[in-house]
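[1] what's the 3D shape of this:
(4 chains)
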There are 2 protein chains.
Amino acid sequence: MTERPLLPLLHDAPVERADAARNRAALLEAAGRLIGRCGGLERVTMEAVAAEAGVGKGTVFRRFDSREGLMAALLDHSETAWQASVISGPPPLGPGAPPLDRLLAFGRSRIEATLLSADLIRAAGRAGTRSYAAYSFVAMHVRHLLTELEVGGDLPLLATALLAPLEVPVLEQQVRVEGFAVERVYAAWADLVRRVVA
Amino acid sequence: MTERPLLPLLHDAPVERADAARNRAALLEAAGRLIGRCGGLERVTMEAVAAEAGVGKGTVFRRFDSREGLMAALLDHSETAWQASVISGPPPLGPGAPPLDRLLAFGRSRIEATLLSADLIRAAGRAGTRSYAAYSFVAMHVRHLLTELEVGGDLPLLATALLAPLEVPVLEQQVRVEGFAVERVYAAWADLVRRVVA
DNA sequence: ATCTTAAACGGACCGCAGTCCGTTTTCATT
DNA sequence: AATGAAAACGGACTGCGGTCCGTTTAAGAT
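    As a prediction, the model looks like this:
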């Protein structure tokens, strides 16, 4: 499951001890199991995760720093899989389609993925903007596509402006509070994109 | 300070008892004082606010429900003042200027006001999107200006898309993490607006 | 002035995130 | 295999947000 790198010295993370790695895996599994068993991850306490994994409470915090850290680690699996489908999945989300098609596919996929993991993303903290690594990836991807579309202007900030309406609080407001259909939210984002690249 | 309505029955808030009103005011003042005295509002505990105001802890939660509620009440003053300057202040933020000028002035003013109260807004919760009342106001205002500009499309969602980059997490990422100048952030937003209304 | 009652009060109490520190385990070295 | 030091472990402990409930108080009615 967790691959130990063949040349650990090349990675700056200084090699994890065997018991530490075992407990990390056990804790992630325990957390996933508990979230499934109870309804909703906010009802799962850190102590319960520790107990389910058969370790002490201190170990949970040693491994993941905080509740948000644990949630972020949990989120990492799906986020990584999603990133892979953007990097090397089938078009139009993956490479091979025209840039505008890719951008629109990106938006639709991002909306769906974000709404699907909304609770986890919120619990993983940063209160609205996902962790820096995740943000960097999507920002870079959108900048890249905008460059291919030969869009002028301040690309880093323009990319951010296109990404902002795809953040959890905005989508939840639109879909869960205002009751708009996901399809309509996507259509509006696509409209925004077309105006920007025009 | 706190005006009692002449015809209380017309308001659905069922009239506040004198001691309750006194304590509400005392608590807001105490909270403001403590936030000033200590550095940063996250170092101020609810118990400390209660003590500073000379009331019991239960009273704080009775009046404001939660820590977020207290922070939201604190924020309400400046938010209301800002709304007033949009509704009836001098142009171009207030009425009297052409719609595009008003929209651009709105963006600049909103960016500045949001960054100024960023800590409070974050502490007031809803994890990224401000309280519904505040959101409704700005959304309505932007929709209104877009209508005057004869912009077509799904106006409610288009307005949201223009507002999303002005939320706290986005602005803080750009200004505090990436180190962009506020002026540049505003310029990028203005560019976005011009592309959308074109 | 007194009475009634709904509302407000205060502070002990609870649950959970996060810390601390004495004990145990891993693993590289010999 | 023995050893030593760095790392991990566990669970008691702390601090704060939030609740509960017995007591007090405001304010309209008589």
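[2] Any idea how many residues pack against the closest residue in space to A:Val49 that isn't next to it in sequence?
    Distances taken as Cβ to Cβ, 6 or more residues apart in numbering or on different chains place A:Ala31 nearest to A:Val49, at 4.9 Å, with adjacent residues excluded. Glycine gets a C-beta too; all of them are placed from N, C-alpha and C. Per other Cβ atoms under 10 Å in any protein chain shown, the neighbour tally for A:Ala31 reads 24.
[3] Is DNA strand C within reach of the helix of greatest length in chain A?
    The longest helix of chain A (DSSP state H) is helix A:67-88. Yes: using Cβ under 7 Å from any atom of the strand, helix A:67-88 reaches DNA strand C at A:Arg67, A:Glu68.
[4] After that helix, which helix or strand is next? Please name it.
    helix A:99-116 (DSSP states H and E).
[5] residues near the closest residue to A:Ala113 other than its chain neighbours, how many?
    Of all residues not flanking A:Ala113 in the chain, A:Trp82 sits nearest, at 5.3 Å (Cβ to Cβ, 6+ apart). As a burial measure, A:Trp82 scores 22 neighbours (other Cβ under 10 Å).
[6] Then A:His77?
    A:His77: 11 neighbours (other Cβ under 10 Å).
[7] Which pLDDT value does the model give the nearest residue to A:Pro91 once chain neighbours are set aside?
    Computed as Cβ to Cβ, 6+ apart, the closest residue to A:Pro91 that is not its neighbour in sequence is A:Ala97, at 3.8 Å. Per-residue pLDDT puts A:Ala97 at 98.
[8] Just grab the bridge partners of A:Ala97 for me.
    Bridge pairing for A:Ala97 (DSSP bridges) gives the partners A:Pro95.
[9] Just confirm it contacts A:Leu104, I think it does.
    No: the criterion here is Cβ atoms under 8 Å, and A:Ala97 misses it with A:Leu104 at 9.5 Å.
[10] re the thing from before, now name the helix or strand holding the residue nearest to A:Val49.
    Going by DSSP H and E, A:Ala31 is in helix A:18-37.
[11] Name all residues that make contact with the most centrally placed residue in chain A.
    In chain A, the residue lying closest to the centroid (Cα atoms, centre = their mean) is A:Glu79, at 4.1 Å. Going by Cβ atoms under 8 Å, 6 or more residues apart in numbering or on different chains, A:Glu79 touches A:Ser117, A:Arg130, A:Ala134.
[12] Try it again at 7 Å.
    A:Ala134 (Cβ atoms under 7 Å, 6 or more residues apart in numbering or on different chains).
[13] Tell me the pLDDT of A:Ala161.
    At A:Ala161, the predicted lDDT confidence score is 98.
[14] Where does it sit, in terms of helix or strand?
    helix A:155-163.
[15] do A:Val193 as well
    Here A:Val193 sits within helix A:182-197, counting by DSSP H and E.
[16] name the helices or strands packed onto that helix?
    helix A:99-116, helix A:155-163, helix B:155-163, helix B:182-197 (3 or more Cβ pairs under 7 Å, 6 or more residues apart in numbering or on different chains; DSSP states H and E).
[17] Which among these is found nearest to A:Lys57?
    Smallest distance to A:Lys57 across the helices and strands packed on helix A:182-197 (Cβ to Cβ): 30.0 Å, for helix A:99-116.
[18] So which bits of the closest one are buried?
    Going by neighbour count (16 or more other Cβ atoms under 10 Å in any protein chain shown), the buried part of helix A:99-116 is A:99-100, A:102-111, A:113-115.
[19] wouldn't the residue nearest to A:Val49 be in contact with A:Leu75 here?
    No: using Cβ atoms under 7 Å, A:Ala31 makes no contact with A:Leu75, being 11.1 Å away.
[20] how near is A:Arg108 to DNA strand C?
    A:Arg108 sits 34 Å away from DNA strand C, going by Cβ to the nearest atom of the strand, to the nearest Å.
[21] for that residue, what are its contacts?
    A:Arg108 touches A:Tyr186, counting by Cβ under 7 Å, 6+ apart.
[22] gap between it and A:Leu93?
    From A:Arg108 across to A:Leu93, the span is 8 Å (Cβ to Cβ, to the nearest Å).
[23] ok, back up a step: state the pLDDT value of the residue nearest to A:Val49.
    You'll see A:Ala31 listed with a pLDDT of 98.
[24] give the contact list for A:Leu145.
    Counting by Cβ under 7 Å, 6+ apart, A:Leu145 touches A:Pro99, A:Arg102, A:Leu103.
[25] With distance to B:Gly36 added, can I get these in CSV?
    Output for these, formatted as CSV (distance: Cβ to Cβ, whole Å):
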residue, distance to B:Gly36
A:Pro99, 51
A:Arg102, 50
A:Leu103, 47
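[26] For these, give me a markdown table that also has distance to DNA strand D.
    As requested, the contacts of A:Leu145 are exported to a markdown table (distance: Cβ to the nearest atom of the strand, whole Å):
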| residue | distance to DNA strand D |
| --- | --- |
| A:Pro99 | 44 |
| A:Arg102 | 41 |
| A:Leu103 | 40 |
